[in-house]
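Enquirer: here is the input, now give the coordinates:
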Amino acid sequence: MIGIGMKVRFIPSYDDSPCFTPEDRRRHAITGKVAWINWEHKTFGVEFQCGKDKMQETFKMSQLGEAVTALGK
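Expert: Predicted coordinates for the structure are as follows:
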């Protein structure tokens, strides 16, 4: 189950490539924090730092365990 404030690990869409090896995927993965959840549409938003900027990326609940790994609080 996912919750607001939970830490997650993922590769940001701006940095993802279908050519990545498993080692590349580990190296490019970053940690973010769940900022909001929309249960009706089964989506959630993750905030993360990119340099000095705070960015957000939206995921579908179905991506948990695939594109997004929950780490806990």
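Enquirer: per-residue confidence for Gly65?
Expert: For Gly65, the pLDDT comes out at 90.
Enquirer: what count of nearby residues applies to it?
Expert: Using other CB atoms under 10 Å, Gly65 is surrounded by 8 other residues. Where you see a C-beta, it was placed from the backbone N, CA and C, and this is true even at glycine.
Enquirer: ok, now Thr43?
Expert: So Thr43, with other CB under 10 Å, has 15 neighbours.
Enquirer: Gln56 versus that one, what's the distance?
Expert: Thr43 is 12 Å from Gln56, where distance means CB to CB, to the nearest Å.
Enquirer: for Val46, which residues are in contact?
Expert: By CB atoms under 8 Å, 6 or more residues apart in numbering, the residues touching Val46 are 8, 10, 32-35, 56-59, 68.
Enquirer: quick check: closest non-adjacent residue to it.
Expert: Leaving aside its chain neighbours, Val46 sits nearest to Gly32 (4.0 Å; criterion: CB to CB, 6 or more residues apart in numbering).
Enquirer: need the contact list for that neighbour.
Expert: Listed by CB under 8 Å, 6+ apart, the contact set of Gly32 reads 7-10, 46-48, 57.
Enquirer: buried members of the contacts of Val46 into ChimeraX, please.
Expert: The following ChimeraX line selects those of those that are buried, judged by 16 or more other CB atoms under 10 Å:
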select :8,10,32,33,34,35,57,59,68
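Enquirer: residues in contact with the helix-or-strand element of the chain with minimal mean pLDDT?
Expert: The weakest-scoring helix or strand in the chain, judged by mean pLDDT, DSSP states H and E, is helix 22-28 (a mean of 80). Residues from elsewhere that reach helix 22-28 (CB under 8 Å, 6+ apart): 11, 15-17, 20.
Enquirer: out of these, which comes closest to Ile2?
Expert: Ile11 (17.8 Å; CB to CB).
Enquirer: so who does that closest one touch?
Expert: Counted by CB under 8 Å, 6+ apart, Ile11 has contacts 20, 25, 28-30, 67.
Enquirer: many thanks, I have nothing further to ask.
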